[in-house]
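J.: Coordinates only, no sequence provided:
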Ligand SMILES: Cc1cc2nc3c(=O)[nH]c(=O)nc-3n(C[C@H](O)[C@H](O)[C@H](O)COP(=O)(O)OP(=O)(O)OC[C@H]3O[C@@H](n4cnc5c(N)ncnc54)[C@H](O)[C@@H]3O)c2cc1C
């Protein structure tokens, strides 16, 4: 995944934080061996001036540039009078890439600075290669399950795999996606500048050895690296992080996975499918602590108990020593509460999946008076960077893992797009509660919004009732046809107004199914509206259809995008545009529609939809 020649940053020394305050409040140190991923040799060889020249042969989206006024001063240093770019992004991971593409679409002259390889964690060391490995593990799991195969009437001889072939699949996919990302930016005229970037002052960035460029706005999108707690020695062979594991250089007989979050869980799926035994080490009292408790209970029943997985909960791995001189990997376990010694494990390998640490060192944040919090760059809800005095730093934004709001690829990209919207004059605040998350095990887990305990706590505080609706995959024809009836979908909602507070799915293709719920939350669609939407039969999407229909909403309340619109856009001949008087938004019409009794309204819509459907299919 990395380029063949990986050199440490010798020109801009990356002094990582040697100590980092963990979420539990204890002090951890980051491993010295975990250097920034390595900088391509050509980065050192290339002439800085070629980077600075704006190439006229590139295709640019013709559009009038939006005027963005520069701040007067920041922390005393005067801003430049004219700018090389409208927008400079430091870090070409998925966050930076999403921001860059949207910026050119908006007509901004954009540069992106990358110190390693385009694509960042997600493409090179995260989502992409891990999903390639999971695609293999899914198939292996299926082929190895004789009972499953027999239930289809299929006979398969013993399934096997070629480790290097599997590793190549992951590597090749990463390369392909990385090239796609690079080409998409080049084609749109984004200047890709190579070298380590840092903020020199207001609207001023340095990259590589001594290239200085200016921009009206700067986005920091420098991402994160694996977080390794103090006492754990990573050698990259027997004690590894996800960076190493994704290369699949070996498949150990017995591997301990420290941390049972989504990364640990996905790797347990891969390793057990490829024949390893797994031992989870989890500091909290239950596995999968980040998930809705009911979902993690079911997930444990399906993803952990029947597999070759055992676990220790409520313990810390206080010391892990790599295998050497014929000795196995040694893991010292202490009680998470009393800190007393509990056990010593001897395993073939250990994967450290204890979270991610922001990669924000050496960024020159002191030049704009920004103080990180546990390494994360503080931002407001618009991703505007906040300085040490609690004031916004003009024209400086931070997106993605580096701000720690929601460490997911699509969240990083969405934040980048949100920033571009703002700097081009459209205020935009991203609703993080509408951003879905998924764990790509077999079957998958997905979620959006609040868990049930979180929703109940919020309801108690704010004085509203919370209800829960559930449906099972066992009632879904498509899931049963696939012999994949194990799964549930659960929705947490307000019965008084039909607001969706959270949706959690465990089952086949849960990661794809969640989007109907997340889009409903993002658009403010209420249950009483979405339950009228039509789903093709037989599809897995009917799991959510059933879920919405299972909810009991007390009132007739609806959203601004709700009944009124559905009613206005349907006539006997099917969908139509609004009539002239409907084009004028009218409060009274809205009220009339809202006051229509729900049952007659439902009947009305149902009749219209059925008439439309019958016309389409007959
Ligand atoms: C094993 C694993 C699996 C994952 N699976 C998923 C998944 O399925 N779905 C999902 O949504 N998320 C997943 N993630 C998380 C996802 O990868 C991250 O949330 C995402 O990559 C964050 O994007 P980013 O743009 O903020 O940072 P990154 O992707 O980390 O990119 C930052 C970039 O900035 C560059 N950089 C850093 N500092 C500098 C500097 N000073 N100058 C120049 N360049 C610099 C880096 O080289 C890097 O290319 C996974 C992560 C891991 C580890």
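T.: Sure, I can see it. What you see is a predicted model; the values in this text were computed from it and never measured.
J.: what does the stretch 201-350 of the chain put close to the ligand?
T.: Proximity of the stretch 201-350 of the chain to the ligand, by C-beta under 6 Å from any ligand atom, involves residues 221, 222, 223, 224, 242, 263. For glycine as for every other residue, the C-beta is placed from the backbone atoms N, C-alpha and C.
J.: Just the buried subset of the residues you listed, please.
T.: 221, 222, 223, 224, 242, 263 (16 or more other C-beta atoms under 10 Å).
J.: quick one, what contacts the second one?
T.: With contacts taken as C-beta atoms under 8 Å, 6 or more residues apart in numbering, residue 222 has the following neighbours: 90, 91, 358, 359, 360, 363, 400, 402.
J.: follow-up on the earlier one: now, which of the residues of the stretch 201-350 of the chain next to the ligand sits nearest residue 294?
T.: Nearest to residue 294 among those, counting by C-beta to C-beta, is residue 263 at 22.0 Å.
J.: is it true that the closest one lies in a helix?
T.: Yes. Using DSSP: H, G, I helix; E, B strand; the rest coil, the assignment for residue 263 is a helix.
J.: ok, and the closest non-adjacent residue to it?
T.: residue 353 (4.5 Å; C-beta to C-beta, 6 or more residues apart in numbering).
J.: What is the neighbour count of the closest residue to the ligand within the stretch 351-500 of the chain?
T.: Per C-beta to the nearest ligand atom, residue 400 is where the stretch 351-500 of the chain lies closest to the ligand, at 2.1 Å. For residue 400, the neighbour count with other C-beta atoms under 10 Å is 36.
J.: which residues does it contact?
T.: With contact set as C-beta under 8 Å, 6+ apart, residue 400 has these partners: 91, 93-96, 221-223, 407, 411-412, 415-416.
J.: Same check on residue 277?
T.: Counting by C-beta under 8 Å, 6+ apart, residue 277 makes contact with 253, 254, 255, 308, 309.
J.: Can you add pLDDT, secondary structure and neighbour count and give these back as CSV?
T.: Listed next are the contacts of residue 277 as CSV, based on pLDDT from 0 to 100; DSSP: H, G, I helix; E, B strand; the rest coil; neighbours: other C-beta atoms under 10 Å:
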residue, pLDDT, secondary structure, neighbour count
253, 98, coil, 11
254, 98, strand, 18
255, 98, strand, 24
308, 97, coil, 13
309, 98, strand, 22
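J.: Distance-wise, check residue 171 relative to the ligand.
T.: According to C-beta to the nearest ligand atom, to the nearest Å, residue 171 stands 14 Å off from the ligand.
J.: Check which residues of the helix or strand hosting that residue are buried.
T.: Assigned by DSSP states H and E, residue 171 falls within helix 163-188. Using 16+ other C-beta under 10 Å as the test for burial, helix 163-188 gives 166-167, 169-171, 173-175, 177-178, 181-182, 185, 188.
J.: Can you name every helix or strand that it contacts?
T.: If contacts are counted by 3 or more C-beta pairs under 8 Å, 6 or more residues apart in numbering; DSSP states H and E, helix 163-188 sits against helix 94-105, helix 127-144, strand 191-194.
J.: rewinding a little: for the residue of the stretch 351-500 of the chain closest to the ligand, give me the pLDDT.
T.: Confidence at residue 400, expressed as pLDDT, is 98.
J.: got it, and residue 80?
T.: For residue 80, the pLDDT comes out at 70.
J.: try residue 146
T.: 89.
J.: And residue 290, by the same measure?
T.: With respect to pLDDT, residue 290 scores 87.
J.: surely it meets residue 261?
T.: Yes. At 5.8 Å, residue 290 counts as touching residue 261 under the criterion of C-beta atoms under 8 Å.
J.: hey, what's in contact with both of the two?
T.: Common neighbours of residue 290 and residue 261 (C-beta under 8 Å, 6+ apart) do not exist.
J.: These two: who's more crowded?
T.: Set residue 290 next to residue 261 and count neighbours by other C-beta under 10 Å: residue 261 wins out with 19 against 14.
J.: mind checking the backbone torsions on the more buried one?
T.: Main-chain dihedrals, residue 261, degrees, to the nearest 10: phi -80, psi -170.
J.: list the contacts for it?
T.: Residues in contact with residue 261 (C-beta under 8 Å, 6+ apart) are 288, 289, 290, 353, 355.
J.: Dump those to JSON lines, plus secondary structure.
T.: Output for these, formatted as JSON lines (three-state DSSP):
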{"residue": "288", "secondary structure": "coil"}
{"residue": "289", "secondary structure": "coil"}
{"residue": "290", "secondary structure": "coil"}
{"residue": "353", "secondary structure": "coil"}
{"residue": "355", "secondary structure": "coil"}
